[in-house]
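In: What would the 3D arrangement of this be:
(2 chains)
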Amino acid sequence: MFSYVLKRLMGLIPTLFLVAVMVFLFVHLLPGDPARLAAGPEADEQTVALVRTDLGLDLPMHQQFVRFFVNAAHGDFGISLRSKLPVSQEIMERFWPTMWLTLTSMIWAVIFGLFIGIFSAVWRNEWPDRLGMTLAVSGISFPPFALGMVFMEVFSVQLGWLPTVGADSWRHYILPSLTLGAGVAAIMARFTRSSFIEILKEDFVRTARAKGLPERIVVAKHCLRNALIPVVTMMGLQFGFLLGGSIVVEKVFNWPGMGRLLIDAVEMRDYPIIQAEILLFSLEFIFINLIVDVLYAVINPSIRYK
Amino acid sequence: MSTSTPTPSVAPVVATAAATLIRTPLSEFWRKFKKQPLALAAAGFVVFLVLLAVLAPYISPYDAENYFDYDALNAGPSLQHWFGVDSLGHDIFSRILVGTQLSLAVGFSSVALGAIVGTFAGLIAGYYEGWADRIIMRICDVLFAFPGILLAIAIVAMLGNGMTNVIIAVAIFSIPAFARLVRGNTLSLKQLTYIEAVRSIGANDMTIILRHIFPGTISSVVVYFTMRIGTSIITAASLSFLGLGAQPPTPEWGAMLNEARSDMMTAPHIAIFPSLAIFLTVLAFNLLGDGLRDALDPKLEQK
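Out: A predicted model of the protein is given here:
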């Protein structure tokens, strides 16, 4: 097990390196002079030159990259152009609201998705299946921001049950996490269904039924574990979808998270923030995929010994 | 003859016996596709949307950007304004119609761009393997390391706001998926005997790739293409919703929803119609994609 994790970690190094290079190059691909951007539009030539030396933008590219890399490893991403606060501080304040939102969405999406998928597979081509799959294809087709606005209209404006914007109490989490999780729940439901249908055809299922086990136990004990293997992989991929989706949902619900920070930063051309956020989002995604791979190996022993 | 893969000894007999019953890939596809009422309906709806998009400038009752009805600000649906009026006095029905044109154009062109580049990269990677494969797949890995829309936001942040940049951003983020799909197909296709035969009569690599391997990948590319259009329409609308794509007063659906946000309390209809438009369009493409997959994907045939 340990050697498997180690091998997967080593395999990440080239990807991590390339992601770091791309994030580093991002500033240099921006139209205009980064030093001019940092100094502000009304700065004179002298100030711009000063800022350039200060940020190390006059150094050769490879030295700049090493500097960027070493600083980033220390959690230093420079100073926000807008608020003049350290980027790391700005992001730390926003990190947990987004993390909690993503996690709650993931949890409910997985639970709902699994249940709908299993019910659809067990009652294949009957009404629970039709209902479940209609819900699922609708969930995939409804854009998160539109869904969020519909939820807000119905539950906050019309019925007045839940708060509209902000992140102060657990009640604030309900609508945003439902909105964000809907797409993932739909994909999980479709995926679980097709995975489960495959499993139900296996010989060992027939054996379990033949020895007189109740169908409930066949499904819950014999099929579930096997059907989960592809579903877990899918979960990892969906996490990226959630991280991306959170950017949109945070705008709808005015959520004080990383997504809104990113959008504000793009609007204000606050590139140190953009750079740090892109790096952080990608790292999160890469490591979640690593965790999923390890989970995968836990569930399916044959992977470990390849 | 219920199996779809006739053995070589039987095939010529069938062909001469009844020329009208020859099963071409197209007729075979149609036979399976027409059994799916939902997919047929979705295909019909997509055709209807394309017609609407083409005819939008001629049939929209009011100018989408420059017509203002100041007497009916935020008014709900009526005979005069079918979908109501927004806070600036625009006719929402006209804007939705013109928005159809925008969304379909953006969805189609960005996926087409991504599919062309991705398919070509996948063919090269799968056919040559070795270093070409390693480089192309490594680039795909890196593109995949950025969660979906984040990549698009980064690209728009680099290139600036606007619809053209949104198309480029969405195209780039479709490339790796097509490349992986086609690479996988190519790897298995090139092992087949007919490719060996073509090579032994002296065909060059480009002929083999484009005339003999590429046709084998088309069906999965078409399925993925259709499914991807829905995702791309949502991504493009999301970017506009975030204020990074189409700018007001352009009647893009996402941008319209962004404008509607401030009037949610007083005039919810401004948000409802663009939401419905995106939902129905994306739903149609997704259902069509599902139908195409069931009709074209040989793996599902055994079920």
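In: only C-alpha atoms for contact and neighbour calcs from this point on.
Out: OK.
In: need the residues of chain B near chain A, please.
Out: Residues of chain B that fall close to chain A, judged by CA under 8 Å from any CA of the partner chain: B:138, B:141-142, B:145-150, B:154, B:157-159, B:230, B:234, B:238, B:241-242, B:244, B:257, B:261, B:264-265, B:268, B:271-272, B:275, B:278-280, B:282-283, B:286-287.
In: how about residue B:203, phi and psi?
Out: phi -70, psi 140 (degrees, to the nearest 10).
In: one step back: in helices, which of the residues of chain B next to chain A appear?
Out: Among the residues of chain B next to chain A, the members falling in helices (DSSP state H) are B:138, B:141-142, B:148-150, B:154, B:157-159, B:230, B:234, B:238, B:241, B:257, B:271-272, B:275, B:278-280, B:282-283, B:286-287.
In: returning to that earlier point: tell me the buried residues within the residues of chain B next to chain A.
Out: Among those, those scoring as buried are B:138, B:141-142, B:145-150, B:154, B:157-159, B:230, B:234, B:238, B:241-242, B:244, B:257, B:261, B:264, B:268, B:271-272, B:275, B:278-280, B:282-283, B:286-287 (criterion: 16 or more other CA atoms under 10 Å in any protein chain shown).
In: before we move on, which element is residue 42 in?
Out: Just going to use chain A. Using DSSP states H and E, residue A:42 sits within no helix or strand.
In: You answered for a different chain; I wanted chain B.
Out: Using DSSP H and E, residue B:42 falls in helix B:37-59.
In: Tell me how many other residues crowd residue B:111.
Out: Residues contacting residue B:111 under the criterion other CA atoms under 10 Å in any protein chain shown number 31.
In: And the contacts of stretch A:86-106?
Out: Residues outside stretch A:86-106 that contact it (CA atoms under 8 Å, 6 or more residues apart in numbering or on different chains): A:75-80, A:167, A:173, A:176-178, A:180-181, A:184, A:239, A:242-243, A:246, A:255-259, A:261, A:272-273, A:276-277.
In: May I have that stretch as PDB, with CA atoms only?
Out: Extracted in PDB, the C-alpha atoms of stretch A:86-106 (Å, rounded to 0.1, in the frame of the first residue of the first chain):
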ATOM      1  CA  PRO A  86      -0.600  39.700   1.300                       C
ATOM      2  CA  VAL A  87      -2.300  37.400  -1.200                       C
ATOM      3  CA  SER A  88      -2.000  34.500   1.200                       C
ATOM      4  CA  GLN A  89      -3.900  36.300   3.900                       C
ATOM      5  CA  GLU A  90      -6.700  37.300   1.400                       C
ATOM      6  CA  ILE A  91      -7.000  33.700   0.300                       C
ATOM      7  CA  MET A  92      -6.900  32.100   3.700                       C
ATOM      8  CA  GLU A  93      -9.900  34.100   4.800                       C
ATOM      9  CA  ARG A  94     -11.800  32.800   1.700                       C
ATOM     10  CA  PHE A  95     -10.500  29.200   1.800                       C
ATOM     11  CA  TRP A  96     -12.700  27.600   4.400                       C
ATOM     12  CA  PRO A  97     -16.200  28.900   3.200                       C
ATOM     13  CA  THR A  98     -15.400  27.400  -0.200                       C
ATOM     14  CA  MET A  99     -14.100  24.200   1.200                       C
ATOM     15  CA  TRP A 100     -17.100  23.600   3.400                       C
ATOM     16  CA  LEU A 101     -19.500  24.500   0.600                       C
ATOM     17  CA  THR A 102     -17.800  22.000  -1.700                       C
ATOM     18  CA  LEU A 103     -17.700  19.300   0.900                       C
ATOM     19  CA  THR A 104     -21.400  19.600   1.900                       C
ATOM     20  CA  SER A 105     -22.300  19.600  -1.800                       C
ATOM     21  CA  MET A 106     -20.200  16.500  -2.400                       C
END
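In: The closest residue to chain B within chain A: how many residues sit nearby?
Out: When scored by CA to the nearest CA, chain A has residue A:240 as its residue closest to chain B, at 4.6 Å. Residue A:240 has 25 neighbouring residues, counting by other CA under 10 Å.
In: which ones are touching the nearest residue to it once chain neighbours are set aside?
Out: Nearest in space to residue A:240, with sequence neighbours left out and distances taken as CA to CA, 6 or more residues apart in numbering or on different chains, is residue B:147 at 4.6 Å. Residue B:147 makes contacts with A:240, A:241, A:243, A:244, A:281, A:282, A:285, as judged by CA under 8 Å, 6+ apart.
In: Can you list which of those are found in helices?
Out: Per DSSP H, the contacts of residue B:147 map to helices at A:240, A:241, A:243, A:244, A:281, A:282, A:285.
In: just checking, the fourth one touches residue B:149?
Out: Yes - with contacts defined as CA atoms under 8 Å, residue A:244 counts as touching residue B:149 at a distance of 5.4 Å.
In: which stretches of the stretch 151-300 of chain A have low pLDDT?
Out: A:167, A:300 (pLDDT under 70).
In: Which residues of it lie near chain B?
Out: Contact residues (CA under 8 Å from any CA) of the stretch 151-300 of chain A with chain B: A:153, A:157, A:240-241, A:243-245, A:248, A:251, A:263, A:266-267, A:269, A:274, A:278, A:281-282, A:285-286.
In: hey, which helix is longest across chain B?
Out: From DSSP H, the single longest helix across chain B is helix B:92-128.
In: no wait, chain A
Out: Longest helix in chain A, counting residues (DSSP H): helix A:87-122.
In: roughly how far out does that one sit from the chain middle?
Out: Centre-to-centre, helix A:87-122 and its host chain are 8 Å apart (CA atoms, centre = their mean, to the nearest Å).
In: closest point of chain B to chain A, which residue?
Out: residue B:147 (4.6 Å).
In: List phi and psi for that residue.
Out: phi -60, psi 130.
In: just residue A:169 next, same as before
Out: Taking degrees, to the nearest 10 as the convention, residue A:169 sits at phi -130, psi 180.
In: Which residues outside the helix or strand residue B:133 falls within are in contact with it?
Out: Using DSSP H and E, the element containing residue B:133 is helix B:130-144. For helix B:130-144, contacts defined as CA under 8 Å, 6+ apart pick out A:15, A:18-19, B:121-122, B:124-126, B:151, B:173, B:175-177, B:179-180.
In: out of the residues you listed, who's nearest residue B:61?
Out: residue B:173 (36.5 Å; CA to CA).
In: Now for that closest one: which residues touch it?
Out: Residue B:173 neighbours (CA under 8 Å, 6+ apart): B:114, B:143, B:148, B:151, B:152.
In: Would you agree it falls within a strand?
Out: No - counting by DSSP: H, G, I helix; E, B strand; the rest coil, one finds residue B:173 to be helix, located in no strand.
In: about what we covered before: which helices and strands does the longest helix of chain B pack with?
Out: helix B:37-59, helix B:130-144, helix B:163-189, helix B:214-241, helix B:253-260, helix B:269-296 (3 or more CA pairs under 8 Å, 6 or more residues apart in numbering or on different chains; DSSP states H and E).
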